[in-house]
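Participant: How does the following fold in three dimensions:
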Amino acid sequence: MKLRLPAALLPALLPAIALTACVPAAQHPAPAPAPVPSPTRSPMPTPPPVPLPAPAPAHENWMDAPRSPGNWFYKKVGAISLAAYGASDTNFGFVMRCDPATRTISIGRVSTQTQPRPMRIRTETTDRLLTAQPRQGSIETLLAADLSASDSLLDAMAISKGRFAVETAGEPTLYVPSWPEVTRIIEDCR
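Facilitator: Next up is the predicted model:
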């Protein structure tokens, strides 16, 4: 549909049309930029699981277990002789003590136990269960048992294929080497 204006109106409209040409077109705000997607981080790779330490090998035979860490330390205090097995003569886990006056050898292990405990001594040829009594030693609290110097268990400890085991209820097993200090304590009391 076309709109027709009378010719007489045209001279009156011309100034209005001219004015509209001078007016700038309405400014529309620039369109907002399209949102830029934020970079997506790829998930951090899951680190591989840390392997658990291998369990300690189960030893079917106690003689296959590695010896407990330490060394033997021998010393005499008056007539009494001592052989201690551990890090030093004052930091040890197992001790043998000879009292030549009574011809008694005490064997003991460091422990905080306050009640008598069964203590099993295992050697290559002998396996004996003793009752260890709590005692306050000069340096450590011990569970100890007394043996006659002539007890065959002592000889078995001295010659036991390189080591003997000391199993005490409530304590880790000790695997003690049969080094010359064991024989020396026995000989001191015989």
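Participant: Tell me the helix or strand right after the lowest-mean-pLDDT helix or strand in the chain.
Facilitator: The helix or strand of the chain with the poorest confidence is helix 10-22; it has a mean of 52 (mean pLDDT, DSSP states H and E). Toward the C-terminus, helix 10-22 is succeeded by strand 71-77 as the next helix or strand (DSSP states H and E).
Participant: CA atoms of that following strand as PDB?
Facilitator: Output in PDB follows, covering the C-alpha atoms of strand 71-77 (Å, rounded to 0.1, in the frame of the first residue of the first chain):
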ATOM      1  CA  ASN A  71      75.900 -56.800  68.700                       C
ATOM      2  CA  TRP A  72      77.000 -58.600  71.800                       C
ATOM      3  CA  PHE A  73      78.800 -56.500  74.600                       C
ATOM      4  CA  TYR A  74      80.700 -58.300  77.300                       C
ATOM      5  CA  LYS A  75      81.800 -56.700  80.600                       C
ATOM      6  CA  LYS A  76      82.700 -57.700  84.200                       C
ATOM      7  CA  VAL A  77      81.400 -55.800  87.200                       C
END
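Participant: hmm, who's touching the helix or strand just after that strand?
Facilitator: The helix or strand immediately downstream of strand 71-77 is strand 80-86, counting by DSSP H and E. By Cβ atoms under 8 Å, 6 or more residues apart in numbering, the residues outside strand 80-86 that reach it are 68, 70-76, 89, 92-100, 110, 174, 176-177, 181-182, 184-185, 188-189. From N, CA and C alone the C-beta is placed, and that goes for glycine too.
Participant: Could I get the buried residue list for the longest strand along the chain?
Facilitator: Longest strand in the chain, counting residues (DSSP state E): strand 127-136. Neighbour-count burial for strand 127-136 flags 128, 130, 132-134 (criterion: 16 or more other Cβ atoms under 10 Å).
Participant: In these, find the pair that's most separated.
Facilitator: R128 and P134 (19.8 Å; Cβ to Cβ).
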